[in-house]
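Trainee: I'll drop the sequence and a predicted model, then ask my questions.
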Amino acid sequence: MASSEAAASKPHEIQFEVDAEPIETTEHELTPVQIMELAHVDPSTHYLKEIRGDQQISYKDTPNDPIHVHNNQRFITNSMEPGPVS
């Protein structure tokens, strides 16, 4: 097998971060739930946000919609528990 064929058959690994922890996958699309599961975060008590520069994109209302993941993408998780009642 030629080296270009070997490279084509090997899955491309994508590296990204969740809560500053490195995560690797060969999947090009993952849902917020799948991303949190890879990071060992409970999706029933947390939701995902993507960090893009100064912006935070929340996936709280779309936990099962696929996200196209790419290298060096950054995510954080937030607790869904309500804050203190005043």
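Mentor: Thanks, I have the structure now.

Trainee: from here on, contacts and neighbour counts on C-alpha atoms
Mentor: OK.

Trainee: just the helices in the protein please.
Mentor: 3-9, 32-38 (DSSP state H).

Trainee: check those helices for me: which has the lowest mean pLDDT.
Mentor: For the helices of the chain, the bottom mean pLDDT is recorded on helix 3-9, which sits at a mean of 54.

Trainee: Ile51 versus the residue lying closest to Thr62 once chain neighbours are set aside, what's the distance?
Mentor: Once flanking residues are discounted, Thr62 sits nearest to Pro32: 7.7 Å by Cα to Cα, 6 or more residues apart in numbering. Per Cα to Cα, to the nearest Å, Pro32 is found 13 Å from Ile51.

Trainee: settle it for me: which of these two has more neighbours?
Mentor: Applying other Cα atoms under 10 Å to Pro32 and Ile51 shows that Pro32 carries more neighbours, namely 25 against 16.

Trainee: and that one, what does it touch?
Mentor: 47-48, 59, 62-67 (Cα atoms under 8 Å, 6 or more residues apart in numbering).

Trainee: what about it, distance to Ile23?
Mentor: For Pro32, the distance to Ile23 equals 13 Å [Cα to Cα].

Trainee: neighbours of Thr62, how many?
Mentor: Count around Thr62 with other Cα under 10 Å applied: 13.

Trainee: show the contacting residues for the residue nearest the centre of the chain.
Mentor: Nearest to the geometric centre of the chain sits Ile35, at 3.8 Å (Cα atoms, centre = their mean). Ile35 makes contacts with Val18, as judged by Cα under 8 Å, 6+ apart.

Trainee: go again using 10 Å as the cut-off
Mentor: 16-18, 23, 25, 29, 41, 43, 48, 63, 67, 69, 75, 77 (Cα atoms under 10 Å, 6 or more residues apart in numbering).

Trainee: so which of these would you say is closest to Gln55?
Mentor: Among these, Phe75 lies closest to Gln55 (Cα to Cα), at 11.2 Å.
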